[in-house]
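>>> Got a sequence here, can you model it:
(2 chains)
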Amino acid sequence: MTREEIDNNGDDMMIDDPNPKIENEFNVHYLRIYYGNLFPYSDIHKWLSYGHDGKHPGCDEYYFGRREFSFTLENDVYLRYKSFKNASAMEDAIKSNFPYKIDIGAVYSVDPDKRHAYAHSGTNLFTPVERELVFDIDITDYDDVRYCCSGADVCAKCWPLMTVAIKVIDTSLRDDFGFKYILWVFSGRRGVHCWVCDAKARRLTNEQRSAVAEYFRVYKGNENNAKKVDLMGHSLHPFLARSYVDFLKNFFEGELQANQSIFSSKEKYEKILGMITDEDIQSDLRGKWENSARSSLSEEATSLLRWEQLKKTLQSKKNKAPSLRTCIEEIVFTFTYPRIDLEVSKQMNHLLKAPFCVHPKTGRVCVPIDPNNCDEFDPLAVPTLSQLIEEINAGGLSMDVDDDSDKSLLGKSIKFFRSSFLEPLLKSCKEEIESSYKTKIGKSKDTFSW
Amino acid sequence: MEVIRSQKRTASNDIVSTPTLPLYLTAPPMEVRLEEFELFAIDRLRVLKGVSDGLARGRNPNEMDDLVDTLWKEHMRLPDVSEMINKDIISHFVLRLVYCRSDELKKWFLSMETALFRHRFRIKKIEEQRAIVGEFGLPYKAVIGAELESLKERLVLVARSLCQTSSDVENIYYKVPFEEVPDLVATRRVLLQKGYAFVAGSQLVSLVVTQFRSHLSKALILTNRKWTTTIREREKDRLTPIVEALSTSYLGPDYTQSSEYADISLKDIDQVSKSSFPLCMRHLFEKLREDHHLKHGGRMQLGLFLKGVGLKLDDALAFWREEFTKKVGSERFDKEYAYAIRHNYGKEGKRTDYTPYACSKIITSAPGAGDHHGCPYRHFSEDNLKAALSRMGLSSRGMEDVMDKVRNRHYQLACTLTFEAVYGTSCDTGINHPNQYFEESQKILKSKTPTAPV
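Sure, this is the predicted structure:
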């Protein structure tokens, strides 16, 4: 690959390398091609305009321009408070910077570009006015309960933790909070992001966001406490009960046990014994399990057997102390319940990575995830930059950013984004703009009728 | 309100027909004597300061109810009920002038007035509470009939999850958008369905307090505007000096500028951490030396504490760099961490000189996986806490006293007892700020060996 060929942004898109395998999946040349041809600028613009496309008199034509974006460039140069008048301004900026990461911030009271003009008055006139309710779930926060990987790695054995997290949170956002326009996105390496885009959600204050995040919070752990989940009370709150019955219990006893065998070694089961507040029960089980250490059963079978023993023991002794009554659920919750990053959700001005970005460490595209089919999502099968480039090479010039057919790697994701998320959202936005406009007109009509 | 010179005022002219718990929605037309202007405000400030102390000491809601009741009777009671109401209203509006003038003052006043309102509301009878809800003009309807039936089973589950027995399960529930009761949502004290929360009659306080807070917050902004544009200048010979004097005496030191007892250098830091740091900071410090890393919450808590203790910016950068480069290398340190340290010292971004966290903030923080910040008395398991206390040199008797406080959730009292055990002296004011612990400790140690480094 020579510099001249890449800098020729014109018709010649073929990469002059017969062997497309390179040592890493991500490099700035591929990134340029991605942003030159594949990134869905107009879909992103339509989404973030929320119906303010200037076609209706009730539209706010400056709405998109008041949204903050940030770019992280090569060499970790970080540019905040970027804003764009329209889709082509955004496209031009991305194509001239080729950022490694694009973050989306809040919609502010004034254009972020002009914020300094408002900084001199006593009160702060540059404030966020709208921002999606967002969640960030990262698998590294589960390192204490997954034994297959740690840190930045993820595999088929631990990814299901993310799947069950999506199910629990998505169900609650819809059934408990009444939200409808929810976008789940793969973070590119080891987690998922959630964007709740209902108008009500976008207008939540920091305090209200914090309340939703705390509602979801169950795990309160770090290495300084042994018991990280404390479910007090005589019964579980209906939200927790539903999550347990519909998702967590079966996941724990099925897939989790199969993948992680959480009782199979002394180190593993000691961690669980530490969650039982009764010393006698602990030693009783410890005794049983130390004795059966040399059994001929497989890891998975051993693990399941011990779980049954633990349940039986706790069931029979549950009246000994109130804290034992919820012990079984606490163990299940510790291993399976979603762990969201609270700080991300609590503040309106928190920036979050944009969908359809490319992760610099893996080269994978941050594609949407369908919450109704999240069991089928495989983070290791997400298209990478090099795969996309190869596809372009193979197909020649027929790659079209509007292609949402099932034939192209990215097409399926774009189609899903448009039909399942964008279209219903925009329909409701337009209805809202229309109805609030009618109300305004109606009001001013009244003042004239005399 | 109109402030007039000293003159006998006939009480009957000012009888206001408000309920016994005013909402301060608008300033009613009244005449106020100049002395009353200042005296009433000072009395109310005493109440607010008492509320602040109570919260900082981790008092539970029932204790706060009693405290507020006591404080109110002590400072605000007058023989005539209508005079008492007048004093209530006048003092509130005067303090609005005093506390609208900066973000920090506003935040404090808003928190304290909201807490005061909350606890005064809680001790009212249910009919009075419902009347106050009506005063706010809140449109919430009670849930009845078929809808109530469909929710009954889950409402019972919610009550049971809060350890309420079935006889406590109530008959009246209000259907309220969840945004109106954030604290009930956050603690899962209500059933949610399709964006609505089902609030029990006994939980009305939450609804009302949210309204109160939101209204007062907006009012303070408007008051500030009026103050800066007209009042301050117009009253510069009469009310302004009083208003300006009222705010400075009551907020306690915030340790943004370190005092004479707190100026440490890098070479002393290890020794000083063992001799004078409170447990929370000692733990963070030890973990930093051990892991050569701390997550964000820990960096903030320890970093700002060190600033308050007198560590200069250059020394701070050298200190953090020394540890972090062992794990992440100096290039990553410069790129990812140095900026944040400079930011804490007010050298970057909007240049706020951040204040070190007080105990109340640390206690309510939420350390998660991999974190070491927070308050050990609250966030550590019993075993870990005992081990940490024995490393600080506590005897088993002393430890039992401390653990007793911890079990009753009096975390700051636990820390105070630890202080008293370590230094062999009593601490009457109680610990409510890690930098206070440090300064008191240094005072004691320096008085014992005036010249040697401690």
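>>> Report the separation between B:His410 and B:Ala388.
18 Å (C-beta to C-beta, to the nearest Å). The way it works is simple: take the backbone N, C-alpha and C, and place the C-beta from them, glycine included.
>>> tell me which element A:Phe69 is part of?
strand A:67-72 (DSSP states H and E).
>>> Which parts of chain A are strands?
When assigned using DSSP state E, the strands of chain A occupy the ranges A:67-72, A:78-82, A:101-108, A:128-130, A:133-138, A:182-186, A:191-196, A:352-353, A:368-369.
>>> for the last one, the distance to its chain's centre please.
It stands for strand A:368-369. Offset of strand A:368-369 from its chain centre (C-alpha atoms, centre = their mean, to the nearest Å): 9 Å.
>>> The second one too?
Taking C-alpha atoms, centre = their mean, one finds the center of strand A:78-82 at 22 Å from the center of the full chain.
>>> Now for the residue in chain B positioned nearest to chain A: which residues touch it?
Nearest residue of chain B to chain A, counting by C-beta to the nearest C-beta: B:Gly195, 2.9 Å away. Going by C-beta atoms under 8 Å, 6 or more residues apart in numbering or on different chains, B:Gly195 touches A:177-179, A:200, B:177-178.
>>> If we use 6 Å, what do you get?
A:177-178, B:178 (C-beta atoms under 6 Å, 6 or more residues apart in numbering or on different chains).
>>> Please apply the same query to B:Ala41.
B:91, B:94-95, B:246.
>>> And it, how close does it get to B:Leu48?
10 Å.
>>> circling back to that earlier point, parallel or antiparallel, which strands does the strand holding A:Phe69 pair with?
Strand A:67-72 has the following strand partners under DSSP bridges: strand A:78-82 (antiparallel), strand A:101-108 (antiparallel).
>>> Just say which of these is most tucked in.
strand A:101-108 (a mean of 22; mean count of other C-beta atoms under 10 Å in any protein chain shown).
>>> which residues are in contact with that one?
Outside of strand A:101-108, the residues within contact range by C-beta under 6 Å, 6+ apart are A:66-68, A:70, A:72, A:128-131, A:348-349, A:351, A:353-354, A:357.
>>> Pull the distance from that strand to the chain's centre.
Distance of strand A:101-108 from the chain centroid (C-alpha atoms, centre = their mean) equals 15 Å.
>>> and the residue of chain A nearest chain B?
Here chain A gets closest to chain B at one residue, A:Gly178, 2.9 Å apart by C-beta to the nearest C-beta.
>>> check which helix or strand covers the most far-flung residue of chain B relative to its centre.
Within chain B, the residue lying farthest from the chain centre (C-alpha atoms, centre = their mean) is B:Ala146, at 42.7 Å. Per DSSP H and E: B:Ala146 is located in helix B:145-161.
>>> Following the chain onward from that helix, which element is next?
strand B:173-177.
>>> And that next one, what's buried?
Residues B:173-176 are the ones in strand B:173-177 that count as buried (16 or more other C-beta atoms under 10 Å in any protein chain shown).
>>> can you pick the most crowded of the contacts of B:Ala41?
B:Val94 (26 neighbours; other C-beta atoms under 10 Å in any protein chain shown).
>>> Any chance of the strands of chain A in CSV with mean pLDDT as columns?
Formatted as CSV, the strands of chain A follow (pLDDT from 0 to 100):
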stretch, mean pLDDT
strand A:67-72, 96
strand A:78-82, 93
strand A:101-108, 96
strand A:128-130, 95
strand A:133-138, 97
strand A:182-186, 98
strand A:191-196, 97
strand A:352-353, 97
strand A:368-369, 97
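>>> which one of those lies closest to B:Leu288?
Counting by C-beta to C-beta, B:Leu288 lies closest to strand A:133-138 out of the strands of chain A; the figure is 23.1 Å.
>>> Packing partners of the closest one?
Applying 3 or more C-beta pairs under 6 Å, 6 or more residues apart in numbering or on different chains; DSSP states H and E, we find strand A:133-138 packed against strand A:191-196.
>>> Can you show me the CA trace of the strand it packs on as CSV?
Coordinates of each C-alpha in strand A:191-196 appear next as CSV, following Å, rounded to 0.1, in the frame of the first residue of the first chain:
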residue,chain,number,x,y,z
GLY,A,191,-19.7,-4.9,26.7
VAL,A,192,-22.9,-3.3,25.6
HIS,A,193,-24.4,0.2,25.7
CYS,A,194,-28.1,1.1,25.9
TRP,A,195,-29.6,4.3,24.5
VAL,A,196,-33.2,5.1,25.7
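>>> Tell me the buried residues in that strand?
A:191-196.
>>> Please apply the same query to stretch B:368-388.
Applying 16+ other C-beta under 10 Å to stretch B:368-388 flags B:368-380, B:384-386, B:388 as buried.
>>> quick one: A:Lys430 and A:Gly51 touch, right?
Yes. Here A:Lys430 reaches A:Gly51: they are 4.7 Å apart, a contact under C-beta atoms under 6 Å.
>>> Just want to know which of the two has more residues nearby.
Taking neighbours as other C-beta under 10 Å, A:Lys430 and A:Gly51 compare with A:Gly51 leading, 22 against 18.
>>> and the nearest residue to the more buried one once chain neighbours are set aside, how far is that from A:Arg202?
Closest residue to A:Gly51 apart from its sequence neighbours, by C-beta to C-beta, 6 or more residues apart in numbering or on different chains: A:Cys429 at 3.2 Å. In this structure, A:Cys429 and A:Arg202 are 10 Å apart, going by C-beta to C-beta.
>>> Check A:Ala89 too.
Shown here: A:Ala89 relative to A:Arg202, a distance of 22 Å by C-beta to C-beta.
>>> how about the most centrally placed residue in chain A, what does it touch?
Residue closest to the average C-alpha location in chain A (C-alpha atoms, centre = their mean): A:His193, at 1.1 Å. A:His193 makes contact with A:136, A:185, A:187, according to C-beta under 6 Å, 6+ apart.
>>> cool, and A:Ser187?
Taking C-beta under 6 Å, 6+ apart, one finds A:His193 in contact with A:Ser187.
>>> Find me the pLDDT at it, would you?
Predicted confidence (pLDDT) for A:Ser187: 96.
>>> Likewise for B:Thr429?
B:Thr429 carries a pLDDT score of 72 in this model.
>>> what's the answer for B:Glu260, then?
Reported pLDDT for B:Glu260: 51.
>>> one step back: A:Ala89 and A:Arg202: who's more crowded?
Between A:Ala89 and A:Arg202, counting by other C-beta under 10 Å, A:Arg202 is the more crowded of the two (18 against 14).
>>> Return the residues in contact with that one.
A:130, A:132.
>>> Around chain A, pick out the residues from chain B.
Proximity of chain B to chain A (C-beta under 6 Å from any C-beta of the partner chain) is limited to residues B:154, B:157, B:160-163, B:179, B:182, B:185-186, B:188, B:192, B:194-195, B:335, B:367-369, B:371, B:380-381, B:384.
>>> Run a quick neighbour tally on the closest residue to B:Gly201 other than its chain neighbours.
Nearest non-adjacent residue to B:Gly201, counting by C-beta to C-beta, 6+ apart: B:Ile172, 4.6 Å away. For B:Ile172, the neighbour count with other C-beta under 10 Å is 15.
>>> What of A:Leu161?
A:Leu161 has 26 nearby residues by other C-beta under 10 Å.
>>> Flag every residue of the stretch 1-150 of chain A that's near chain B.
Close to chain B, as judged by C-beta under 6 Å from any C-beta, the stretch 1-150 of chain A has residues A:76, A:141.
>>> Could you list the low-confidence segments of the stretch 1-150 of chain A?
Applying pLDDT under 70 to the stretch 1-150 of chain A flags residues A:1-24, A:119-124.
>>> and if we set it to 50?
A:1-23 (pLDDT under 50).
>>> Just the helices from it, written as ranges.
According to DSSP state H, counting those that start in this stretch, the stretch 1-150 of chain A carries its helices in the segments A:3-7, A:28-37, A:41-49, A:87-97.
>>> what helices or strands is the second one leaning on?
The contact analysis (3+ C-beta pairs under 6 Å, 6+ apart) places helix A:28-37 against helix A:385-395.
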